[in-house]
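Engineer: Please find the sequence and the predicted model below.
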Amino acid sequence: MSLQNELNRLFSMVSQGKSKKALAQAKAAIRRYGQHPALFHVSALAQCAAGKQREAIPNFQKALKLDPDFHDAAKAYATALIKLGQAKQAASVLRRASEALPDDPAIAKLTALTKFSERQLDAASEAATHFLQLQPDDVQGYLLRADILEAGNHLKEAAEDVMHAIAKVPNDPELWIRLSMLNAERGEHDAALQTAEQAVSIAPDYPRAIMQQANLLLGAGFRSEAIQGYRRALTLNPGEPETIDQLAKLQTSEENAGLESSVANLFKSAKGRNRAILGFALTAIAEQKGDNAAAQSYLSTANREMAKLTPYSRKSEQTVNDKIMGRYADVKPPEQSESHKGPCPIFILGLPRSGTTLIETILGNHPDISPLGERDSCDLLYPVIDGNLVFDKTAADEFVRRDRAELSEEAKGSKFYTDKMPENHRMIGFLKTAYPDCRIIHVKRDPRDTALSMWRARFADGALAYTYDFSDMAHRFNLYAEMMQMWQRLYPNEIHVVHYEDVVSDPVSVSKRLADLCDVTWLDAMAHPETSANTVRTLTAYQLRQPVHSRSVGKWPGKEDLLKPFLDGLDPKFWPELAAV
């Protein structure tokens, strides 16, 4: 058999899934025909097909050493490196091939992936655009560019790319789910629900579509309809942890009684993320029964598992704080010479679980204020911080332009809109430069109650990693308090403090103060956030549909032993109110 026939046979075996046999016969062929680059290439492909990318690297390297212009091998090698999380090495491998084949679609796509992995978003978007020019009907290309655009907070453009994909594959429910999520992130809540409904109409028995619809219904205040959706999703996909967790938090104790034993059995054998989610669900069930010991046991396990999955980096968070504080120190940043036309932002700051959602809901009950939840616009500022770049009027204007482009149509027509992203507390200097007329509301709550509330919560994957360990919480609380002390010095009359405890004890007085701050006429509805027709996207969605109450105030007494690592880690100079404790 000729070498070419042997290669054709080996490539065919790999494509048929016979990777182990192909690898063995490729080794035999190398002994028979000598060191030919294509034989090392097909050996590497066989290893990759078996999921052994790391073992394939030496064979790819041998193929390229024998023939540096073997561009198919370079592309396959780069693909393997990307899967291994080695984007920088993949880019290096591709360099020669991309110079030789500038209009090769596969190279353009791989370049987009490597740049995206390295967070070079502009370069990644450019490469993805080039790929789509070469392959205009490639659905995955549009979705890749949507991922890149979303990471850069270009949500409107990301949604447009998903719509391009839908135009080519209109009956794929996953595409409609993706569009629904982007619409929700942009604050286009009606559109989000409509696109979720479209996903369900295409695939009535698809649990992910039903879950997305149920999540949106819950956020919009349709609790019963949401519960029905979660129950149907669980029937179609029994044992799914996310669905179980939602139901456990929403159902009555009697309804959860039928759920408990099956969840407990699942919990015994579950690992990692699933074990954590089921632990949070069992915590809710145990608390309903008044079994505090069981609740604490489940909660400790759940947080421990989440801490393993999302480790908190004290060093990196300290570095961000140091860079910002070093930039401003005691120097008040310049404001722009003129205000921008359009709605005025209200930045609601505070630690997660401190009452920021409640404040936003109070404000959002006024027709002149659009509540937009946790916006990602400040992600645009991290390259400025990391690179120690100048943030002057020109840079601020560009930030405002990109930020405003992502506003929902409703928000664009409002007098004010709210942004309650927790990380905004780091960005006050930048925000005051960009938006001189913005309102800043700092929500404060007893840190012990806040820490306990965080401990009981499960946040979105990868977010707020410090909330799963009390010592990490103390570290992050100190960074937050130190930063806010600096801003209070620089802006003593422009940061308006609201105490959570005051809000729940006297919502009328607090809501009147907020109305005055925002130059809007106070409305009785502002004192009744439970009547809000606005969508809530945070995990407090199921809590805000009840009248304001003070049951969450003073929950920490009696839990000092549990809180000890947290209390020991708090720096007294940042938390003087706890000095007497």
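Structural biologist: Received, thanks.
Engineer: give me the number of residues near Phe280?
Structural biologist: The number of residues packed near Phe280 is 23, by other Cβ atoms under 10 Å. Every residue, glycine included, has its C-beta placed from N, CA and C.
Engineer: Please apply the same query to Ser377.
Structural biologist: 24.
Engineer: Now for it: which residues touch it?
Structural biologist: 153, 399, 402-403, 406, 419, 421 (Cβ atoms under 8 Å, 6 or more residues apart in numbering).
Engineer: Check the residues you listed for burial and list the buried ones.
Structural biologist: Burial by neighbour count, judged by 16 or more other Cβ atoms under 10 Å, picks out 153, 399, 403, 406, 419, 421 from those.
Engineer: hmm, back to that, dump the contacts of Ser377 into TSV; add distance to Ala525 and secondary structure as well.
Structural biologist: Below are those laid out as TSV (distance: Cβ to Cβ, whole Å; DSSP: H, G, I helix; E, B strand; the rest coil):
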residue	distance to Ala525	secondary structure
Asn153	32	coil
Phe399	33	helix
Arg402	33	helix
Asp403	28	helix
Glu406	27	coil
Asp419	21	strand
Met421	25	coil
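Engineer: sorry, back to before: for the buried ones among the contacts of Ser377, which one is nearest Pro352?
Structural biologist: Using Cβ to Cβ, Met421 comes nearest to Pro352 of the buried ones among the contacts of Ser377, at 10.2 Å.
Engineer: so where's the stretch 251-400 of the chain uncertain?
Structural biologist: 330, 332-340 (pLDDT under 70).
Engineer: Next: the chain.
Structural biologist: 1, 330, 332-340, 534-550, 580-581.
Engineer: longest single helix anywhere in it?
Structural biologist: Within the chain, and with DSSP state H defining each element, the longest helix by residue count is helix 470-490.
Engineer: these two touch, right, His425 and Met483?
Structural biologist: Yes: His425 lies in contact with Met483 (Cβ atoms under 8 Å); the separation is 6.1 Å.
Engineer: so after the helix or strand encompassing Ala286, what's the next helix or strand?
Structural biologist: In this assignment (DSSP states H and E), Ala286 forms part of helix 272-289. Once the chain leaves helix 272-289, the next helix or strand it forms, by DSSP H and E, is helix 292-309.
Engineer: What is that next one packed up against?
Structural biologist: Using 3 or more Cβ pairs under 8 Å, 6 or more residues apart in numbering; DSSP states H and E, the elements in contact with helix 292-309 are helix 272-289.
Engineer: Mind listing residues that contact the helix it packs on?
Structural biologist: By Cβ under 8 Å, 6+ apart, helix 272-289 touches 241-242, 244-245, 247-249, 252-253, 256, 259-260, 263-264, 266-267, 270, 292, 294-295, 298-299, 301-303, 305-306, 308-309, 456, 458, 461.
Engineer: The helix or strand hosting Asn215: how far from the chain's middle?
Structural biologist: Assigned by DSSP H and E, Asn215 belongs to helix 207-219. Remark: helix 207-219 is offset 17 Å from the chain centroid, using Cα atoms, centre = their mean, to the nearest Å.
Engineer: List the neighbours of the helix or strand that comes right after it that are in contact with it.
Structural biologist: Using DSSP H and E, the helix or strand that follows helix 207-219 in sequence is helix 223-236. Around helix 223-236, the neighbours that count as contacts under Cβ under 8 Å, 6+ apart are 205-207, 210-211, 213-215, 217-218, 240, 243-244, 246-247, 250-251, 542, 545.
Engineer: Give me the buried subset of these.
Structural biologist: 206-207, 210-211, 213-215, 217-218, 240, 243-244, 246-247, 250-251, 542, 545.
Engineer: OK, contacts around the residue lying closest to Lys168 once chain neighbours are set aside?
Structural biologist: Distance criterion Cβ to Cβ, 6 or more residues apart in numbering; nearest residue to Lys168, sequence neighbours excluded, is Val139 at 5.4 Å. Going by Cβ under 8 Å, 6+ apart, Val139 touches 165, 168-169, 175.
Engineer: go again using 6 Å as the cut-off
Structural biologist: 165, 168-169 (Cβ atoms under 6 Å, 6 or more residues apart in numbering).
Engineer: Show the contacting residues for Tyr435.
Structural biologist: Per Cβ under 6 Å, 6+ apart, neighbours of Tyr435: Pro345.
Engineer: For it, give its distance to Ile202.
Structural biologist: 41 Å (Cβ to Cβ, to the nearest Å).
Engineer: How about Asp376, nearest residue that isn't a chain neighbour?
Structural biologist: Asn153 (5.0 Å).
Engineer: Over to the one you found: give its phi and psi.
Structural biologist: phi 70, psi 30 (degrees, to the nearest 10).
Engineer: Restricted to buried residues, select the contacts of helix 272-289 in ChimeraX.
Structural biologist: Burial among the contacts of helix 272-289 is assessed by 16+ other Cβ under 10 Å; the matching ChimeraX selection reads:
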select :241,242,244,245,247,248,249,256,259,260,263,264,266,267,270,294,295,298,299,301,302,303,305,306,456,458
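Engineer: quick one, strands of the stretch 451-581 of the chain?
Structural biologist: In the stretch 451-581 of the chain, the strands defined using DSSP state E, counting those that start in this stretch lie at 495-499.
Engineer: still on that earlier bit, by contact count, what packs against the helix holding Asn215?
Structural biologist: Applying 3 or more Cβ pairs under 6 Å, 6 or more residues apart in numbering; DSSP states H and E, one finds that helix 207-219 contacts helix 173-185, helix 189-202, helix 223-236.
Engineer: For the closest residue to Asn424 other than its chain neighbours, what is the enclosing helix or strand?
Structural biologist: Leaving aside its chain neighbours, Asn424 sits nearest to Phe347 (5.2 Å; criterion: Cβ to Cβ, 6+ apart). In this assignment (DSSP H and E), Phe347 forms part of strand 344-349.
Engineer: Hey, what's the angle from the helix or strand that that strand is followed by to strand 344-349? Just curious.
Structural biologist: Sequence order places helix 356-364 as the next helix or strand after strand 344-349, per DSSP H and E. Helix 356-364 runs at 150 degrees relative to strand 344-349, counting by axes from the mean of the first three to the mean of the last three Cα atoms, to 10 degrees.
Engineer: Hey, what's the angle from helix 356-364 to strand 495-499? Just curious.
Structural biologist: Going by the same axes, to 10 degrees, helix 356-364 makes 110 degrees with strand 495-499.
Engineer: Could I get the CA-only coordinates of helix 356-364 as CSV?
Structural biologist: Backbone C-alpha positions of helix 356-364 (Å, rounded to 0.1, in the frame of the first residue of the first chain) are rendered in CSV as follows:
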residue,chain,number,x,y,z
THR,A,356,-29.8,47.7,47.0
THR,A,357,-32.6,45.8,45.2
LEU,A,358,-35.2,47.2,47.7
ILE,A,359,-34.0,50.7,47.1
GLU,A,360,-34.1,50.2,43.3
THR,A,361,-37.6,48.8,43.5
ILE,A,362,-38.8,51.8,45.6
LEU,A,363,-37.3,54.2,43.0
GLY,A,364,-38.6,52.1,40.1
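Engineer: May I see the buried residues of stretch 489-498?
Structural biologist: 490, 495, 498.
Engineer: just curious, which of these is nearest to Arg551?
Structural biologist: So of the buried residues of stretch 489-498, ranked by how close each gets to Arg551 (Cβ to Cβ), first place is Val498, at 19.1 Å.
Engineer: Would you check that my belief about the closest one contacting Val443 is correct?
Structural biologist: Yes: assessed by Cβ atoms under 6 Å, Val498 is found in contact with Val443 at 5.3 Å.
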